[in-house]
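Novice: Can you look at this prediction? I've put the sequence above it.
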Amino acid sequence: MTTPAITASGLRKAYQDKTVLAGIDLHVEAGTVFSLLGPNGAGKTTAVNVLTTLTKADGGTVRVAGHDVATEAKAVRSAIGVTGQFAAVDELLTGEENLRLMVDLSPRAEAGVVGRLLDRFELGEAARKPASTYSGGMRRKLDLAMTLVGDPRIIFLDEPTTGLDPRSRRTMWEIIRELVADGVTVFLTTQYLEEADQLADRIAVLDHGRLVAEGTPAELKRRIPGTHVRLRFATAAELDAAARILTDATREDEALALKVPGDGGTRSLRTLLDRLDEYAISAEELSVHTPDLDDVFLALTGHATEVSAK
Amino acid sequence: MKSQSMVMLRRNLKHVARNPTSVFNAVLMPVVVMLMFVYLLGGAFSVGVDYVDYATPGMLLLAVCYGLGAVATSVNSDMTKGVINRFKVMDVSRGAVLTGHVVASVLTNLVAIGAIIGVAFLLGFRPAASPLDWLGVLGLVVLLAVAAGWFTVALGLFAKSPETAGLAAVPLVMLPFFSSAIVPAAKMGPGVREFAQYQPFTPIIETLRGLLAGAPAAGDAIAAVAWCLGIALVGYLWARSTFTKRA
């Protein structure tokens, strides 16, 4: 049996009288991507700070790479890499100097690692320019490259794509997938539901310092209302007529719409359309809805992710 | 692996060299202020001696203080941008990170001090100090630079943002003007006079003045050294605890 990369039990943390983490349990297998998902202020960064030895927990035990974060901080630090919420690059140094700085401070850095990382992250051209001239995406890449200098086996990424444009975000996802392919364990926090869905093997949903759900993306999606077809009508009369024949549908009177459960496949769609034709009812609009993690969040916490509109 | 302290110091020195504003504030500003007071205003002050001889000790102190704003800002941006967290996770020692900032600050101060002394001589500065007195001047200036450096590093770690850190260092830049640096405290208005007499910079300046005139006064010197050690200790302890606590 292999040692799990990260375990936490009963992890608690409060600042003055404000509880930030109210007893959370985590279990992350080595070589997997684990995503802590939650809106701003849920406690994600505090969790990362405790797991990475930066902050002391008030209660509970945390082991990372088999070592206790409270009593064996040094051993934990030598096994992990952390990329914080803000790109922690030195703006007055060039990209290359930033990496060189990490090499000088890492006991285990290999020769040639700077050149390899610059190539891998496509930063070769900008290597001799000060990091202050880099775009947001380049900074994040440099930040992650700096984290990789010591070849850590467990990496913590605190909101690695917040503030990035969609293209840079996709590049970052590719990089994270490559890391996992190399056998690295990734602990990722995000407020983007799609990101967790795309990358994570397991997702834990954090809300006000508590884990409200944990599972694979598929498991979480199963916990909420399934796929349905939404029909919108021009008049209330048509809505009434359709509701009489489609008895398993739910009405949304305000929107003049019907939600019809179904798998979204062509066969069931054709059956549905044929039935409407049979009764000479036509809908203004038809759309097929598959649940995404936004729906999960709403279903699990009873409130929407306040930041999902960002 | 190289010594962490050396790596940190080299990084901080690169910062100073690459940030024109900090070089300007730390080295050129004191010189400009000195020229302004000695050249433009000095003739109007009657202080009993040649004004450049009176003003130079205070200008040495000013040269230390003017560098501090940039130090506070740079320490704070390390803290708030996560650079210090990165170092912490890499197990870089607290001593290396903080000492790097303090030593870089002291070295910048020394460059500014050198510039001030050079300009002072050009302006006709005629000290009566013996080599031993000069050694005393250097010793006290370095002690002050170390003390102010630790205090400023603590301020920088503690402040919420680089802007407030820069602002927090402003009183340190203003304090010399409310001391006997520019004119004797006895010539100031009531209230300000008492403040000027009892604030830490006055005994430091008076000690430097005594040393440069070749006639150091023991009373001032003891107060000066005591103030410096006190400020250094408070700054050091405050910096240490803030560094450990804040993530």
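Specialist: Thanks, I have it. Note that the structure is a prediction, hence the values are computed from the model and not measured.

Novice: In chain B, which residue sits nearest chain A?
Specialist: Among all residues of chain B, B:Gly82 sits closest to chain A, at 3.5 Å; criterion: CB to the nearest CB. In short, each C-beta sits where N, CA and C put it, glycine included.

Novice: That residue touches A:Val89, doesn't it?
Specialist: No. B:Gly82 is beyond contact range of A:Val89, at 9.2 Å (criterion: CB atoms under 8 Å).

Novice: From A:Ala14, how far off is whichever residue of the stretch 201-310 of chain A sits closest to chain B?
Specialist: Residue nearest to chain B within the stretch 201-310 of chain A (CB to the nearest CB): A:Gly209, separated by 16.8 Å. Using CB to CB, to the nearest Å, A:Gly209 is found at 9 Å from A:Ala14.

Novice: again with B:Met36
Specialist: 54 Å.

Novice: out of those two, which sits in the more crowded spot?
Specialist: The neighbour count for B:Met36 versus A:Ala14, taken as other CB atoms under 10 Å in any protein chain shown, is higher for A:Ala14 (15 against 11).

Novice: Next, that one: secondary structure please.
Specialist: Assigned with DSSP: H, G, I helix; E, B strand; the rest coil, A:Ala14 falls in the strand class.

Novice: Repeat that for A:Gly31.
Specialist: Quick answer, by three-state DSSP: A:Gly31 is coil.

Novice: pretty sure it contacts A:Val186?
Specialist: No. Counting by CB under 8 Å, A:Gly31 does not reach A:Val186; the two are 9.3 Å apart.

Novice: list residues touching both of those two?
Specialist: Applying CB atoms under 8 Å, 6 or more residues apart in numbering or on different chains, one finds that A:Gly31 and A:Val186 are jointly contacted by A:Val180.

Novice: Which residue comes closest to the most centrally placed residue in chain A once chain neighbours are left out?
Specialist: Ranked by distance to the mean C-alpha position of chain A (CA atoms, centre = their mean), the top residue is A:Ala196 at 3.1 Å. Sequence neighbours aside, A:Ser35 is the residue nearest to A:Ala196 in space, at 4.0 Å (criterion: CB to CB, 6 or more residues apart in numbering or on different chains).

Novice: What is the neighbour count of residue 163?
Specialist: All of this refers to chain A. Neighbour tally, A:Gly163, other CB under 10 Å: 15.

Novice: not quite, I wanted chain B
Specialist: Residues contacting B:Glu163 under the criterion other CB under 10 Å number 11.

Novice: quick one: pLDDT of it?
Specialist: What the model reports for B:Glu163 is a pLDDT of 88.

Novice: got the contact list for it?
Specialist: If you count contacts by CB under 8 Å, 6+ apart, B:Glu163 has none.

Novice: any idea whether it is helix, strand or coil?
Specialist: Following three-state DSSP, B:Glu163 is assigned to helix.

Novice: just to revisit the earlier point, for the residue nearest to A:Ala196, which residues are in contact?
Specialist: Residues near A:Ser35 by CB under 8 Å, 6+ apart: A:Leu188, A:Thr189, A:Thr190, A:Glu195, A:Ala196, A:Leu199, A:Ala200, A:Arg202, A:Ile203, A:Ala204.

Novice: Which residue, other than its chain neighbours, is closest to the last one?
Specialist: Taking CB to CB, 6+ apart as the measure, A:Ala204 lies nearest to A:Glu214, with 4.4 Å between them; neighbours along the chain are not counted.

Novice: For the helix or strand harbouring the one you found, which strands pair with it and how are they oriented?
Specialist: Element membership for A:Glu214, per DSSP states H and E: strand A:210-215. Strand pairing for strand A:210-215, using DSSP bridges, gives strand A:202-207 (antiparallel).

Novice: mind listing what B:Ala232 touches?
Specialist: If you count contacts by CB under 8 Å, 6+ apart, B:Ala232 has them with B:Leu143, B:Val146, B:Ala147, B:Trp150, B:Phe151.

Novice: go on, B:Met8?
Specialist: B:Val92, B:Ala96, B:Val97, B:Thr99, B:Gly100, B:His101 are the contacts of B:Met8 under CB under 8 Å, 6+ apart.

Novice: Need those residues in JSON lines (columns: pLDDT and distance to B:Tyr54).
Specialist: Putting the contacts of B:Met8 into JSON lines (pLDDT from 0 to 100; distance: CB to CB, whole Å) gives the following:
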{"residue": "B:Val92", "pLDDT": "89", "distance to B:Tyr54": "46"}
{"residue": "B:Ala96", "pLDDT": "90", "distance to B:Tyr54": "41"}
{"residue": "B:Val97", "pLDDT": "92", "distance to B:Tyr54": "40"}
{"residue": "B:Thr99", "pLDDT": "93", "distance to B:Tyr54": "36"}
{"residue": "B:Gly100", "pLDDT": "92", "distance to B:Tyr54": "37"}
{"residue": "B:His101", "pLDDT": "93", "distance to B:Tyr54": "33"}
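
Novice: Would you mind giving the residues you listed as JSON lines with distance to chain A and secondary structure added?
Specialist: Converted to JSON lines, these look like this (distance: CB to the nearest CB, whole Å; DSSP: H, G, I helix; E, B strand; the rest coil):
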{"residue": "B:Val92", "distance to chain A": "6", "secondary structure": "coil"}
{"residue": "B:Ala96", "distance to chain A": "9", "secondary structure": "helix"}
{"residue": "B:Val97", "distance to chain A": "10", "secondary structure": "helix"}
{"residue": "B:Thr99", "distance to chain A": "15", "secondary structure": "helix"}
{"residue": "B:Gly100", "distance to chain A": "12", "secondary structure": "helix"}
{"residue": "B:His101", "distance to chain A": "13", "secondary structure": "helix"}
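
Novice: thinking again about what came up before, and the residue of the stretch 201-310 of chain A closest to chain B, how close does it get to A:Arg12?
Specialist: For A:Gly209, the distance to A:Arg12 equals 9 Å [CB to CB].

Novice: Same drill for these two, tell me which one is more crowded.
Specialist: A:Gly209 (22 against 16).

Novice: correct me, but A:Ala30 touches A:Pro4?
Specialist: Yes. With contacts counted by CB under 8 Å, A:Ala30 reaches A:Pro4, the gap being 6.6 Å.
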